[in-house]
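K.L.:
Provided below for reference: sequence and predicted model.
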Amino acid sequence: MDTRINPNIEYQTFEGIGASGAWWAQEVGGWESRDEISSLLFSKENGIGLRTYRYNLGGGSKESGRGDIDNPLRRGECFENEKGEYDFSKDENAVYMMKQAVKDGADEVIFFVNSPIERLTKNHKAHCDKGFPFKENLDKENYRAFAKYVLDVTEHFLGEGIPIKYISPINEPFWKWTGGQEGCHYRPKSAGEVMKVFSDEMNKRDAFENVMLSGVENGDIRWFNKSYTRNLFKYESVKKRIDSVDLHSYFLMPFKMPFIGNRVGYLKRYRKWLDKKYPNTSVKMSEWTHMQGGRDKTMNSALVMAKVMYEDMSILNVTSWQHWIAVSEVDYCDGLIYINLDDKSYEMTKRYYATGNFSKFIPFGAKRIEVSCDDSELMLLAFRKDEKTVLIVINETPGEKELNLNCDAKMYVTNETDNLKEYSVSDVAKITPKSVNTIVMG
């Protein structure tokens, strides 16, 4: 079966793969194995070379103890003390992991906020009160104070040499956020107004000349993305601080349903609408995890993830793709590495290695190019930079496939037995069952 690659048909310029430090970093940052875990995630030589680190700028629920958040790791510290002064010795473990990620190779840091600090919220909690309709937890009169706090903290860490490229003041604004973790609901109009205040305040500070806004990170690929996008681009000052629409790619139906169960259909409609209303606008997928109960370290979850990555890159044309969390301590199907709090050990997953099939081999600035083959069961992506072509091949099926490459290449395989194992290929690549493969040519 021939592989057809056409470098003359180009799509988006790809920037890289990332993950957030919420909320594991405040735990792992105190472990003896912390540098080892960071290297596994962010080093290209010793790990999978994630480029982007998302640092969670907490709302202060950890110090206050207020709110309905049972898991202590889901409470975030803030950098204010009880006197209202800045204390940058706080959130020590998470700050350590951010700095270590940069040392290991992450060259893009995003500061993202789930909730404004408690001092500024209506209920003085880092999540909203229960009630209907959805209640916002930040008065307009506090928008500027919210921006000042975030920018002050960001400016401090910029001064320490942290490569902060983006600030994301709002995370999943549509949800209620009435407990379980820090969070804040915003209507589309309010989200746009918050972003305007941030852009206006950033324009007043020389330190933010090369820092952009990220947003508004809506939490479901189906609902209200158009409404939030309209309000995101409503203000000229925001447009100048936004180089993409950042959204979350959640939505997997456990069973097939016409229209409402068609994830690909939602991706196509949003991309078509965006191209019509806001031509040449990039999209970044800034958060996704396989939302399924129980720990899954197998290829089953890795293939679900790889398919979502394929769809987002080939249909939404995303320029960046980021995991929700890099490390998980819970009995849930998320994270690339599982940790065990009782003995401070860690376990690898096939999701980790399958992510590496993308993050280790697609160079920053590579162009996605046209690729196809006659087997509709295979999912193919191709990227090219500096005369080198990187081909990603995903095989969900239980059968082996063959691809004619008509050249020699290196192949890196993740399947039931292999973890990014390197093979030399001459002309024909054997694609093993239930596998994610990277073929490097040139």
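P.N.:
Yep, that arrived.
K.L.:
So, low pLDDT: which residues of the stretch 251-400 of the chain?
P.N.:
Residues of the stretch 251-400 of the chain that meet the criterion pLDDT under 70 lie in 254-256, 259.
K.L.:
all helices for it, in order.
P.N.:
Assigned by DSSP state H, counting those that start in this stretch, the helices in the stretch 251-400 of the chain fall at 263-277, 299-314, 350-359.
K.L.:
for the shortest one, packing partners?
P.N.:
Judged by 3 or more Cβ pairs under 8 Å, 6 or more residues apart in numbering; DSSP states H and E, the packing partners of helix 350-359 are strand 16-20, helix 299-314, strand 401-414, strand 435-441. Yep, even glycine has a C-beta here, placed from its N, CA and C like the rest.
K.L.:
how about the first one as PDB, C-alpha atoms only?
P.N.:
The C-alpha atoms that make up strand 16-20 are tabulated as PDB, following Å, rounded to 0.1, in the frame of the first residue of the first chain:
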ATOM      1  CA  GLY A  16       4.500  21.400  20.000                       C
ATOM      2  CA  ILE A  17       3.000  19.300  22.800                       C
ATOM      3  CA  GLY A  18       2.600  20.300  26.400                       C
ATOM      4  CA  ALA A  19       1.000  19.500  29.800                       C
ATOM      5  CA  SER A  20       0.100  21.200  33.000                       C
END
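K.L.:
hmm, who's touching the helix or strand just after it?
P.N.:
Counting by DSSP states H and E, the next helix or strand C-terminal to strand 16-20 is helix 25-28. Helix 25-28 has contacts (Cβ atoms under 8 Å, 6 or more residues apart in numbering) with 34, 37, 73, 76-77, 91, 93-94, 96-98, 327, 329, 339, 341.
K.L.:
Could you rerun that using 7 Å?
P.N.:
34, 37, 73, 91, 93, 94, 97, 327, 329, 339 (Cβ atoms under 7 Å, 6 or more residues apart in numbering).
K.L.:
what's the closest of those residues to residue 127?
P.N.:
Using Cβ to Cβ, residue 73 is the member of the contacts of helix 25-28 that sits closest to residue 127, with 15.2 Å.
K.L.:
Quick one: residues contacting the closest one.
P.N.:
Per Cβ under 7 Å, 6+ apart, neighbours of residue 73: 23, 26, 27, 329.
K.L.:
Three-state assignment for it, please.
P.N.:
The assignment at residue 73 comes out as helix when based on DSSP: H, G, I helix; E, B strand; the rest coil.
K.L.:
before we move on, back to that, in CSV, list the helices and strands packed on helix 350-359 along with mean neighbour count and distance to residue 181.
P.N.:
As requested, the helices and strands packed on helix 350-359 are exported to CSV (neighbours: other Cβ atoms under 10 Å; distance: least, Cβ to Cβ, whole Å):
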stretch, mean neighbour count, distance to residue 181
strand 16-20, 25, 13
helix 299-314, 21, 22
strand 401-414, 18, 31
strand 435-441, 25, 30
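K.L.:
now for those, which one comes closest to residue 83?
P.N.:
Taking these one by one with Cβ to Cβ, strand 16-20 is closest: 30.0 Å.
K.L.:
now that closest one against helix 299-314, angle please.
P.N.:
Put simply, strand 16-20 runs at 120 degrees to helix 299-314, going by axes from the mean of the first three to the mean of the last three Cα atoms, to 10 degrees.
K.L.:
Numbering from 17 from now on, please.
P.N.:
Done: numbering now begins at 17, and the last item shifts to strand 32-36.
K.L.:
helices or strands next to strand 32-36 in the packing?
P.N.:
Counting contacts by 3 or more Cβ pairs under 7 Å, 6 or more residues apart in numbering; DSSP states H and E, strand 32-36 is packed against strand 68-72, strand 334-341, helix 366-375.
K.L.:
can you redo those as TSV with distance to residue 234 and mean neighbour count?
P.N.:
Converted to TSV, the helices and strands packed on strand 32-36 look like this (distance: least, Cβ to Cβ, whole Å; neighbours: other Cβ atoms under 10 Å):
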stretch	distance to residue 234	mean neighbour count
strand 68-72	16	27
strand 334-341	14	24
helix 366-375	23	26
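K.L.:
Next, format these as CSV and append distance to residue 243.
P.N.:
Listed next are the helices and strands packed on strand 32-36 as CSV, based on distance: least, Cβ to Cβ, whole Å:
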stretch, distance to residue 243
strand 68-72, 24
strand 334-341, 20
helix 366-375, 31
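K.L.:
Verify the stated contact: residue 230 with residue 262.
P.N.:
Yes. If you go by Cβ atoms under 7 Å, residue 230 and residue 262 touch, sitting 4.8 Å apart.
K.L.:
Between the two, which contacts overlap?
P.N.:
In contact with both residue 230 and residue 262: 184, 302, using Cβ under 7 Å, 6+ apart.
K.L.:
thinking again about what came up before, can you tell me which two in the contacts of residue 89 are farthest apart?
P.N.:
Among the contacts of residue 89, 42 and 345 lie farthest apart (Cβ to Cβ), at 11.0 Å.
K.L.:
more neighbours, the two?
P.N.:
residue 42 (25 against 18; other Cβ atoms under 10 Å).
K.L.:
mind checking how far that one is from residue 331?
P.N.:
36 Å (Cβ to Cβ, to the nearest Å).
K.L.:
Could you do residue 43 as well?
P.N.:
Distance from residue 43 to residue 331, by Cβ to Cβ: 36 Å.
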